[in-house]
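A.B. asks: Show me the folded form of this:
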Amino acid sequence: MDRAHLQMLFGYTRWANARTLEAAAALSDEPFQRDLHSSFPSVGATLSHIAAADWIWLERWHGRSPSAPPAWFPARTAADLRPRWEVLMDERDAFLAAQTDAALAAPLEYANMKGERSSQPLWQQLQHVVNHATYHRGQVTTLIRQLGGSMVSTDLVAYLRECPYDAAARRG
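C.D. replies: Residues are numbered from 1 along each chain as shown. The predicted structure follows:
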């Protein structure tokens, strides 16, 4: 997988994260943190999990293997999470922009949170992060709807229709 395609996918991920955070921000603090007995207890816990996983993977790509989530984890409100996540996404975009196709194809070793070592091509790790966020945003959509909130589409095709110039620019 080449850098341009990954940049398009991360442009989509940034767009979808922003839309999901916007919907979550419409909730007051209590519903944002209400335990709905899902994979993660609440909207806030699920969003915090996505952002913390993004941070952990970025740390790995920089040669560090954290054994704990970031100090800000978990975020208590969408307003608290948004600026931290935006900085993280900016850092990830800069990291990806600096990669060559050869670097993306090369194996990158890291240790998981338990200290177990693994190695996969960098592009596979990047693709995992996109898929991971998509999976959990779907859960957030369900949780927000259970709370009586409303969501907008975060489908990839919706991004490509809404942001064709952004998507084309990211593809090269």
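A.B. asks: for this protein, what's the longest helix?
C.D. replies: helix 122-146 (DSSP state H).
A.B. asks: and that helix, which residues are buried?
C.D. replies: Residues of helix 122-146 classed as buried: 122-123, 125-127, 129-130, 132-134, 136-137, 139-141, 143-144 (neighbour count, 16 or more other C-beta atoms under 10 Å). The way it works is simple: take the backbone N, C-alpha and C, and place the C-beta from them, glycine included.
A.B. asks: And the helix or strand hosting Tyr159, what does it pack against?
C.D. replies: Here Tyr159, judged by DSSP states H and E, is contained in helix 156-162. With contacts taken as 3 or more C-beta pairs under 8 Å, 6 or more residues apart in numbering; DSSP states H and E, helix 156-162 sits against helix 3-25.
A.B. asks: After the helix it packs on, which helix or strand is next?
C.D. replies: Note on helix 3-25: by DSSP H and E, the next helix or strand toward the C-terminus is helix 29-33.
A.B. asks: which parts of that following helix are buried?
C.D. replies: So for helix 29-33, counting by 16+ other C-beta under 10 Å, buried means 31-33.
A.B. asks: Repeat that for stretch 61-75.
C.D. replies: Quick answer for stretch 61-75 (16+ other C-beta under 10 Å): 61, 65-66, 69-70, 72-75.
A.B. asks: just the angle between the helix or strand hosting Ala52 and helix 3-25, please?
C.D. replies: Assigning secondary structure by DSSP H and E places Ala52 in helix 43-61. Helix 43-61 runs at 150 degrees relative to helix 3-25, counting by axes from the mean of the first three to the mean of the last three C-alpha atoms, to 10 degrees.
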